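Asker: Any chance you could fold what I've pasted below:
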Amino acid sequence: MPTLSPLQPASPYLVIDSAFTAFNPAIHRAASAALAAVKQWTKDAYSGDGRGLVLWANVQGIPGGVGWGYGNGKTLLARCAANALYATLTISTPGGEIPDRTGVFLTTEQFKDAIMQSYDSHSTSDYLRQFRQARFVIMDDFGVEHVRPDSLGWWQEQLYKLTNYAYDAHQPFLLTSNMTPDEMQARMGGKNWSRLFGMCQERGFINVSEIPDQRRKPR
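Answerer: Numbers count the residues shown, from 1 in each chain. Next up, the predicted model:
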């Protein structure tokens, strides 16, 4: 990487490329494709191009293949993207000051719990405002949140508050999940799925199931 003098500002795109060094694209061809897709999404998000991206894995693995569904780097890539955007949006702010709510990174379980807790303090609108002010939204681990069958409609309505705004506002939106697209569609409901697909289009659904579980590496 080129050495930067103290007076020479880092290129935002150089910062983005550097943010992903913890992810090894050589472990599998699917890893290389996933890295390229997330990097491009991050650069587009920085430049103001609001697209959707979904990293998904089949937890049943690939029949006859090497996929485990878990440990394939979805969360790592999402964190790298968030770190890159926090850094570059700070760089692009006059004086290097961090603007209010540059972006949001959280798990869907955290989102669900925060919504429920906001009812007690009557602060739901305030909580949701941070998502509308965000330059990007990254939600990790969709599908692991515990939702009772009789509460599924409620949960879908909470997701709609995010997906509808992101779709209408062209907000960069990244989702990771250990569900297949069909499973995600059934869980989030038709109107959420329609908006998510509208943001991502078919090319925005990245299957990382074949990437080996990095937690099972020999020690």
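Asker: When you work out contacts or count neighbours from here on, use the C-alpha atoms and nothing else.
Answerer: Fine.
Asker: Give me the mean pLDDT for stretch 109-119.
Answerer: Averaged over stretch 109-119, pLDDT sits at 93.
Asker: And the contacts of it?
Answerer: Stretch 109-119 is contacted by residues 124, 127, 141-142, 144-146, 155, 158 when judged by C-alpha atoms under 8 Å, 6 or more residues apart in numbering.
Asker: Could you give me the buried positions within the strand or helix carrying residue 163?
Answerer: Residue 163 is located in helix 152-169, with elements delineated by DSSP states H and E. Neighbour-count burial for helix 152-169 flags 155-156, 158-160, 162-164, 166-167 (criterion: 16 or more other C-alpha atoms under 10 Å).
Asker: re earlier: out of the contacts of stretch 109-119, which are buried?
Answerer: The neighbour count (16+ other C-alpha under 10 Å) marks 141-142, 155, 158 as buried among those.
Asker: just these now: which is nearest residue 11?
Answerer: When the buried ones among the contacts of stretch 109-119 are ranked by distance to residue 11 (C-alpha to C-alpha), residue 141 comes first, at 31.0 Å.
Asker: can you confirm the closest one is in a strand?
Answerer: Yes: Residue 141: assigned to a strand according to DSSP: H, G, I helix; E, B strand; the rest coil.
Asker: separation between the closest residue to it other than its chain neighbours and residue 127?
Answerer: In this structure, residue 141 finds its nearest non-sequential neighbour in residue 177, 4.8 Å apart by C-alpha to C-alpha, 6 or more residues apart in numbering. According to C-alpha to C-alpha, to the nearest Å, residue 177 stands 23 Å off from residue 127.
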